[in-house]
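Asks: need a structure here:
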Amino acid sequence: MEERAAVPIVLDCDPGHDDAMAILLACGLPDAELVLVTTVAGNVPVSSTTRNARRMLHACGRPDIPVVQGASRPLLREAVACHEIHGKTGMDGFDHWPSLDSPVPAPRRSVLPQPPAGGPGTPLDAVSAMADALHAAAAAARRDGSPLPVLVATGPLTNVALLLRCRPDVVTRGSLTRVVIMGGSTGLGNTSPAAEFNIEVDPHAAAVVLEAARPGAFEAEADSALGAAGGAASGAAFDHVSVAMVPLDVTHTAIFGREQAARVAAMGEARGTPPDGWRWRAGAGEGVPAMLLGLLSFFADTYARVFGFKLGPPVHDPCALLLALRPGLFACKQSRVIVEREGVCAGRTVVDVLGVMAPPDAEGAASAGGAAVDPAAAARTGSAGADAAGSAATGAASFRGAAGLWAAAPVVSVATEMDVGAFWDAMLEAAAAVDRVSPLSLEPAAKEASA
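Replies: Numbering: from 1, shown residues only. As a prediction, the model looks like this:
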């Protein structure tokens with residue numbers, strides 16, 4: 001694999017089994033530099049997502065990465081959770097976590113003036129930490145030619161919306177140019193017939209984030225990141241970001257099935273800890289393979305019971321992380337997206353995939369509209385024809401109104417396809433790298449010495 005410069009990642013998440021896999025991917029791939037984790041209420045309450053993020057970072061051998069607790073509820077709605085999928089703790093299925101009481105080493109690369117301890121605070125603590133991390137990473141990019149940071153959001157978008165509203169300087173100074181979200185759908189929902197969980201939990205926040213989007217393929221943004229950094233250094237002002245959305249249509253192809261379980265189990269067999277069939281219950285072995293198979297076996301059970309997924313659970317969140325790092329593994333389409341905020345379809349991402357309402361380019365959007373009615377032709381058809389023409393005119397006006405709404409809708413880079421084989425290769429690459437440094441993988445004597 002060709003050498004890639006590490007991309008600084010700020011990860012906003014709500015662990016959650018699949019968020020845990022995104023953390024593992026960010027810790028284990030050489031082209032990722034995870035500089036900050038912020039947490040939000042989602043799969044479980046925010047106190048639990050914060051604890052789970054810290055547990056996963058400790059298990060990945062990276063307790064030095066700061067974790068900052070964010071919003072405990074959506075902007076306007078009441079908080080909900082997803083215990084039926086993620087269990088009571090949010091990461092049920094594995095119990096042998098490293099102690100969180102051990103001393104935390106200094107960050108390998110300091111992106112915060114004073115790295116916070118990860119305890120309870122206010123949502124603005126997370127907002128400030130995100131802004132500080134993005135500014136610091138962008139300054140490093142301008143200084144040494146490294147990639148600009150990417151904000152990856154794998155939970156409800158409350159923290160990200162607060163960042164954009166409370167700290168617009170991250171955009172205007174060019175420190176935040178790219179956002180990747182795991183969320184939405186162009187088809188069916190999962191927690192309602194219309195909506196995907198992350199968007200449904202806080203649709204108002206999702207609308208704020210998507211409304212910050214500007215046209216521009218995410219792949220092109222990745223290639224021109226250094227140019228953007230140079231623009232920021234020269235004092236150029238920015239007012240939008242490139243937003244990529246990885247919807248259920250794509251994440252439902254990332255199925256952790258028997259083949260993937262066997263590959264993880266083979267890692268354990270090489271360490272002398274053979275699995276129990278394709279599912280490896282908690283405590284059946286040591287190391288990262290036991291952790292992964294414990295967590296994902298639980299995830300498989302709940303997905304089979306709740307959603308009827310018989311071949312294994314979809315591992316949603318690391319798909320978004322991988323798009324931030326390796327966009328060439330994805331097919332994306334520039335599409336206008338509107339978020340429904342109220343009613344039975346609240347949380348629905350309405351995606352104009354075909355561009356029939358308003359093409360994603362500005363010129364095409366300006367010309368979008370309904371067919372005009374010829375008054376002379378209507379007169380020639382008599383009263384019935386006039387009535388029909390009048391109805392057509394009303395319909396055309398309605399269509400033009402809708403087209404006007406769509407013409408103002410944000411343009412988002414919507415993922416439509418992923419190289420699933422390359423995705424699982426990356427996941428196993430990261431798991432193997434983490435297994436070499438995880439305290440879960442240490443021999444008993446080494447564990448005692450490190451305590």
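
Asks: nearest residue to Ala138 other than its sequence neighbours?
Replies: Take Ala138 and drop its neighbours on the chain: the residue closest to it by CB to CB, 6 or more residues apart in numbering is Ser175, 3.8 Å away. Yep, even glycine has a C-beta here, placed from its N, CA and C like the rest.

Asks: Quick check: the one you found is in a helix.
Replies: No - the assignment for Ser175 (DSSP: H, G, I helix; E, B strand; the rest coil) gives coil, which keeps it out of a helix.

Asks: low pLDDT regions in the chain?
Replies: 1-3, 102-121, 215-238, 270-285, 362-403, 443-451 (pLDDT under 70).

Asks: one step back: ok, the residue nearest to Ala138 - how many residues close by?
Replies: As a burial measure, the neighbour count of Ser175 was computed by other CB atoms under 10 Å and equals 28.

Asks: ok, it - contacts?
Replies: Taking CB atoms under 8 Å, 6 or more residues apart in numbering, we find Ser175 in contact with 131, 134-135, 137-139, 148-149, 169, 232.

Asks: How is the protein divided into domains?
Replies: 7-254+314-349+410-450, 363-407 (automatic domain parsing).

Asks: Tell me which of the ones you listed is the most buried.
Replies: Between the domains of the chain, domain 7-254+314-349+410-450 has the highest mean count of neighbours, a mean of 21, where neighbours are mean count of other CB atoms under 10 Å.

Asks: quick one: the helices in the stretch 201-350 of the chain?
Replies: Taking DSSP state H, counting those that start in this stretch as the criterion, the stretch 201-350 of the chain contains helices spanning 203-210, 218-223, 225-233, 248-251, 258-270, 287-307, 317-325.

Asks: Next: the stretch 51-200 of the chain.
Replies: 83-86, 123-144, 158-166, 169-172, 197-201.

Asks: thinking again about what came up before, of the contacts of Ser175, just say which sits nearest to Ile255.
Replies: Using CB to CB, Pro149 comes nearest to Ile255 of those, at 30.4 Å.

Asks: contacting residues around that closest one?
Replies: By CB under 8 Å, 6+ apart, Pro149 lies in contact with 7-10, 35, 133-134, 137-138, 141, 175-176.

Asks: Glu84 too?
Replies: 302, 306.

Asks: Please report the distance of Thr251 from Val46.
Replies: With the distance defined as CB to CB, to the nearest Å, Thr251 ends up 23 Å from Val46.

Asks: Check which helices and strands the single longest strand found in the chain sits against.
Replies: Taking DSSP state E as the assignment, the strand of the chain that covers the most residues is strand 330-339. Packed against strand 330-339, as judged by 3 or more CB pairs under 8 Å, 6 or more residues apart in numbering; DSSP states H and E, are the following elements: helix 203-210, strand 242-246, strand 349-351, helix 382-407, strand 411-418.

Asks: 7 Å instead?
Replies: Packed against strand 330-339, as judged by 3 or more CB pairs under 7 Å, 6 or more residues apart in numbering; DSSP states H and E, are the following elements: helix 203-210, strand 349-351, strand 411-418.

Asks: from the middle of its chain, how far away would the first one be?
Replies: Relative to the centre of its chain, helix 203-210 is centred 14 Å away, using CA atoms, centre = their mean, to the nearest Å.

Asks: how much does it deviate in direction from helix 158-166?
Replies: Angle between the axes of helix 203-210 and helix 158-166 is 60 degrees (criterion: axes from the mean of the first three to the mean of the last three CA atoms, to 10 degrees).
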